[in-house]
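*Asks:* just the structure for this:
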Amino acid sequence: MKRIMKSAMLGLPVILLLTGCGKYATVSYEKDIKPIINKHCVECHLKGGKGNVASGFLVESYDSLMKGTKFGPVIVAGDPLSSSLYRLVAGEVDKSIQMPHGKAPISTKEISTIERWIEQGAKNN
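*Replies:* Residues are numbered from 1 along each chain as shown. Purely as a prediction, here's the structure:
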């Protein structure tokens, strides 16, 4: 019994350390993702914008973001590597289609936030 208690006590600091780390913090659509979308995407992906006309992709709401483009969804909840939104902003595509198109890339921190949100299920939270 003492051994189990000792192991549990030793593991507690590690768990506390990991949960305090940003990688394990819950990413919120409203607080974390929407500001990134508003900063980098709305200019082209609102009704009538160049990106909307070309792809049908709207970013005016969570629902429109999750709907994707006229070619299909851009987010696969739980799987950033299968999510074209992540791949487009992370630069894992040809430079000619990297997003935001014709502008400075999204910061590494913002890309990581998008990746974690998708990993966590791309929830409307």
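
*Asks:* alpha carbons only for contacts and neighbour counts from here, please
*Replies:* Fine.

*Asks:* residue 56 and residue 70 touch, don't they?
*Replies:* Yes: the criterion here is C-alpha atoms under 8 Å, and residue 56 meets it with residue 70 at 5.1 Å.

*Asks:* out of the two, which sits in the busier spot?
*Replies:* residue 56 (20 against 12; other C-alpha atoms under 10 Å).

*Asks:* checking residue 78 next. Helix, strand or coil?
*Replies:* Look at residue 78: counting by DSSP: H, G, I helix; E, B strand; the rest coil, its state is coil.

*Asks:* tell me the pLDDT of the residue nearest to it when sequence neighbours are not counted.
*Replies:* For residue 78, ignoring the flanking residues on the chain, the nearest one in space by C-alpha to C-alpha, 6 or more residues apart in numbering is residue 119 at 4.1 Å. pLDDT recorded at residue 119 is 98.

*Asks:* mind checking the end-to-end distance for stretch 35-49?
*Replies:* Terminal residues of stretch 35-49 lie 18 Å apart, using C-alpha to C-alpha, to the nearest Å.
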